[in-house]
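J.: I would like the atomic coordinates for the input below:
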Amino acid sequence: MNKRDKEISVGILFLIVALLSISLASGIDGFIDISIVAALATLSLYLFFKRSLYAKISAVIINTALIYKILMPWKYRKAIRELDARQLDHSDHHNSRLIQSFCLVAHDIKTPQNIGSLFRLSDALGIKHLYLTGSSPIPPNNKIRKTSRATENIVAYSYYDDPVEVINKLIQDDYKIISLELTDKSMDISQVALNKQDKVCLILGSENKGVNTELLALSDIAVHIPMLGQNSSMNVAMAAAMASYEITKQLSTC
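T.: This is a model prediction of the structure:
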């Protein structure tokens, strides 16, 4: 290898070091400590006084990276640290084992995937019991399991052919019966006033027809979720999640 080739090879090496210094300098605050900064500064001085043009260019790049690192505003570095927070995974989750005095009645919800979502919702919010009635499918069911993530093995549930039987039992047990249905007398779910001591049952109706008149008549109140878009309704599992969260939030904090 002649002198010219050696000079090019060394120059490429210096450029690689310079680019690495930029990568380090743009990393999270604290990754470059004083010793690394000092080492890079020393290297930049050494390179700058070399006769090679590549060395001088590398020194300028390193110094630029160091200046960027040192002069970057503190608030900006703090924002980078926050954005670089570690994403938690399943191993970080700890079961609170909190069970709410709250149950769901899912009547004539024929889509298994929606039932699976209700199982997963019940597990997530600590819902005490999921009652499946009428034509609602029940486990074991592969389509239910696909969206439930096996939470049907955790959540307490039962099946009744007649939902009225379930509602009457819950009424006798002092449950407040709430139907999730838009009517001329329904109220915004966020306006419902609940106490921590309340026991609540939320009735969910079929995907197409909603909660029937017989179940509405047995309800203490009907609630709806305000719709701001062109559509007047949403998927039953999605609506159940929003309403259930609002209810459990009140039961947990009142």
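J.: CA atoms for contacts and neighbours, from now on please.
T.: Noted.
J.: Run a quick neighbour tally on Met238.
T.: When neighbours are defined as other CA atoms under 10 Å, Met238 has 14 of them.
J.: Please, which helix or strand holds it?
T.: Met238 belongs to helix 236-253 when assigned by DSSP states H and E.
J.: Let me see the mean pLDDT of that helix.
T.: Mean pLDDT, computed over helix 236-253, is 93.
J.: helices or strands next to that helix in the packing?
T.: helix 112-125, strand 199-204 (3 or more CA pairs under 8 Å, 6 or more residues apart in numbering; DSSP states H and E).
J.: Give me the buried positions along the helix or strand that comes right after the last one.
T.: Towards the C-terminus, the helix or strand next in line after strand 199-204, according to DSSP H and E, is helix 213-218. Of the residues in helix 213-218, those buried by neighbour count under the rule 16 or more other CA atoms under 10 Å are Leu215, Leu216.
J.: which residues touch Asp162?
T.: Contacts of Asp162 were listed using CA atoms under 8 Å, 6 or more residues apart in numbering, and they are Thr133, Gly134.
J.: quick one: which of the helices and strands packed on helix 236-253 is nearest Gly134?
T.: strand 199-204 (11.8 Å; CA to CA).
J.: picking up where we left off before, now the angle from the helix holding Met238 to strand 199-204?
T.: Interaxial angle, helix 236-253 versus strand 199-204 (axes from the mean of the first three to the mean of the last three CA atoms, to 10 degrees): 170 degrees.
J.: Go ahead and produce PDB holding the CA coordinates of helix 236-253.
T.: Below are the C-alpha coordinates for helix 236-253, written out as PDB (Å, rounded to 0.1, in the frame of the first residue of the first chain):
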ATOM      1  CA  VAL A 236     -71.000  -2.000  20.700                       C
ATOM      2  CA  ALA A 237     -67.700  -3.200  22.200                       C
ATOM      3  CA  MET A 238     -66.200   0.200  21.700                       C
ATOM      4  CA  ALA A 239     -69.200   2.000  23.200                       C
ATOM      5  CA  ALA A 240     -69.200  -0.500  26.200                       C
ATOM      6  CA  ALA A 241     -65.500   0.300  26.800                       C
ATOM      7  CA  MET A 242     -66.100   4.100  26.900                       C
ATOM      8  CA  ALA A 243     -69.200   3.800  29.200                       C
ATOM      9  CA  SER A 244     -67.600   1.200  31.400                       C
ATOM     10  CA  TYR A 245     -64.500   3.300  31.900                       C
ATOM     11  CA  GLU A 246     -66.700   6.300  32.900                       C
ATOM     12  CA  ILE A 247     -68.600   4.200  35.400                       C
ATOM     13  CA  THR A 248     -65.600   2.500  37.000                       C
ATOM     14  CA  LYS A 249     -63.800   5.800  37.300                       C
ATOM     15  CA  GLN A 250     -66.700   7.100  39.400                       C
ATOM     16  CA  LEU A 251     -67.000   4.000  41.500                       C
ATOM     17  CA  SER A 252     -63.300   4.100  42.200                       C
ATOM     18  CA  THR A 253     -62.900   7.800  43.000                       C
END
